[in-house]
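Asks: Need coordinates for the following:
(one chain, ligands or ions: 1)
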Amino acid sequence: MSPDSPAITIAAFHDERTGTVSYVLADPATRQAAIVDPVLDFDLKSGRTATTQADRLLAHVAEAGLTVQWILETHAHADHLSAARHLQAHVGGRIAIGEHIREVQAVFRKLYNLERDFLPDGRQFDHLFRDGEIFHIGGIAAQAMLVPGHTPACMAYRIGDAVFVGDTMFMPDVGTARADFPGGDAATLYRSIRGLLALPPATRLFVCHDYPPDGRAPAWETTVADQRARNIHVHDGVSEAEFVALRTARDARLEVPTLILPSIQINIRAGQLPPAEDNGVSYLKIPLNTLSRQ
Ligand SMILES: [Fe+2]
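Replies: Coordinates of the predicted model:
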């Protein structure tokens, strides 16, 4: 990536309900754009989806006159449904995720006992990134980086001096993401984070979630230097063994996320709802007594 490539513009959209931050990135010269981690609203009580968040992104795309080239997922989220398929139907773009999504699909196909036609080979996405793969948003080069640990398929996307880190790190006062989902691993997460923190100190890091402590407004942008100095879980000096002990102890106390069963079911399908049954209605499954914790 050339250091003198033009800067990408970054618009952030915070979803208060799930704490998710979605981004629209654009090359100002060509107006080609990428959307990162879009949210489809979902009300668990009524089983209704809605597009309030997605509509904000679409309004921005229209206002700025952007052409959507990519819809990038950092991973198969467990806290919100992806609006990737909905956005694609409106503005196009290729839906992409890391190639290890196949492992995640295989685990959850089994858990949900999904239909035979659901193949865990990533075909639901338009593109699967390899670690280190270079791609372009308009004329600006970007790099997909494999950062496993939270899930085995997590990717970060690096564009110039900005990195979209997904659920590896959160803001310095929040720390890091859990590593106890299927295929997650605290030591692996530590190594992925240290890899990101080896980037130049001024590198800007954009997180996928913020769960602000009392009194702090939601925030999503930090730097490598800031994380190395202040991140409560992984600041410089915290060893892998210390991190693994801390992360494992914390994860043992965390509840299963409210939307994990609906979310993963949609997100391993790239945001597509499950096939409708013969009455035209699409259903989600809740496997009983299979997840390991309450
Ligand atoms: Fe996540």
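Asks: Find me the pLDDT at the closest residue to residue 98 other than its chain neighbours, would you?
Replies: Nearest non-adjacent residue to residue 98, counting by Cβ to Cβ, 6 or more residues apart in numbering: residue 155, 4.0 Å away. The C-beta positions use only the backbone N, C-alpha and C, and glycine is treated the same way. At residue 155, the predicted lDDT confidence score is 98.
Asks: What about the residue of the chain found nearest the ion, how many residues nearby?
Replies: Closest to the ion within the chain is residue 167: 3.6 Å, counting by Cβ to the ion. Residue 167 has 27 neighbouring residues, counting by other Cβ atoms under 10 Å.
Asks: Could you find the closest non-adjacent residue to it?
Replies: That would be residue 177: by Cβ to Cβ, 6+ apart, it lies 3.8 Å from residue 167.
Asks: What residues does the stretch 1-150 of the chain have near the ion?
Replies: Selection of the stretch 1-150 of the chain residues close to the ion by Cβ under 5 Å from the ion yields residue 77.
Asks: Now do the residue sitting nearest the centre point of the chain against residue 21, distance only.
Replies: Note on the chain: the residue nearest the mean C-alpha position is residue 74, at 3.4 Å, using Cα atoms, centre = their mean. To residue 21, residue 74 is 11 Å away according to Cβ to Cβ, to the nearest Å.
Asks: Return the residues in contact with the residue nearest to residue 167.
Replies: Taking Cβ atoms under 8 Å, 6 or more residues apart in numbering as the criterion, residue 177 is in contact with 150, 167-170, 189, 209.
Asks: can you pull the pLDDT of it?
Replies: For residue 177, pLDDT reads 96.
Asks: Name the strands paired with the helix or strand encompassing residue 136 and say parallel or antiparallel.
Replies: Using DSSP states H and E, residue 136 maps to strand 134-137. Here strand 134-137 has these sheet partners by DSSP bridges: strand 140-146 (antiparallel).
Asks: pLDDT averaged over the strand it pairs with, what's the number?
Replies: Mean per-residue pLDDT for strand 140-146: 98.
Asks: how about the contacts of residue 177 in TSV, adding distance to residue 42, secondary structure and pLDDT?
Replies: Output for the contacts of residue 177, formatted as TSV (distance: Cβ to Cβ, whole Å; DSSP: H, G, I helix; E, B strand; the rest coil; pLDDT from 0 to 100):
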residue	distance to residue 42	secondary structure	pLDDT
150	21	coil	97
167	18	coil	97
168	24	coil	97
169	26	strand	97
170	22	coil	98
189	27	helix	98
209	16	strand	97
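Asks: Arrange the residues you listed in JSON lines, one row each, with distance to residue 93 as further columns.
Replies: Formatted as JSON lines, the contacts of residue 177 follow (distance: Cβ to Cβ, whole Å):
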{"residue": "150", "distance to residue 93": "25"}
{"residue": "167", "distance to residue 93": "22"}
{"residue": "168", "distance to residue 93": "24"}
{"residue": "169", "distance to residue 93": "26"}
{"residue": "170", "distance to residue 93": "27"}
{"residue": "189", "distance to residue 93": "29"}
{"residue": "209", "distance to residue 93": "23"}
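Asks: ok, which pair from those is furthest apart?
Replies: Between any two of these, the greatest separation by Cβ to Cβ is 14.8 Å, found for 189 and 209.
Asks: Mind checking which of those two has more residues around it?
Replies: Taking neighbours as other Cβ under 10 Å, residue 189 and residue 209 compare with residue 189 leading, 29 against 22.
Asks: Quick check: chain neighbours aside, which residue is closest to that one?
Replies: residue 149 (2.5 Å).
Asks: burial of the one you found, as a residue count?
Replies: Using other Cβ under 10 Å, residue 149 has 24 neighbouring residues.
Asks: Using the three-state scheme, assign residue 45.
Replies: Following DSSP: H, G, I helix; E, B strand; the rest coil, residue 45 is assigned to coil.
Asks: Relative to residue 262, how far out is it?
Replies: 12 Å.
Asks: ok, back up a step: what touches both of residue 74 and residue 21?
Replies: 37, 208.
Asks: Please state the backbone phi and psi of the closest residue to residue 269 other than its chain neighbours?
Replies: Take residue 269 and drop its neighbours on the chain: the residue closest to it by Cβ to Cβ, 6+ apart is residue 124, 5.1 Å away. Per-residue torsions, residue 124: phi -70, psi -20 (degrees, to the nearest 10).
Asks: Residue 124: what's it in contact with?
Replies: Residue 124 neighbours (Cβ under 8 Å, 6+ apart): 105, 268-270, 272.
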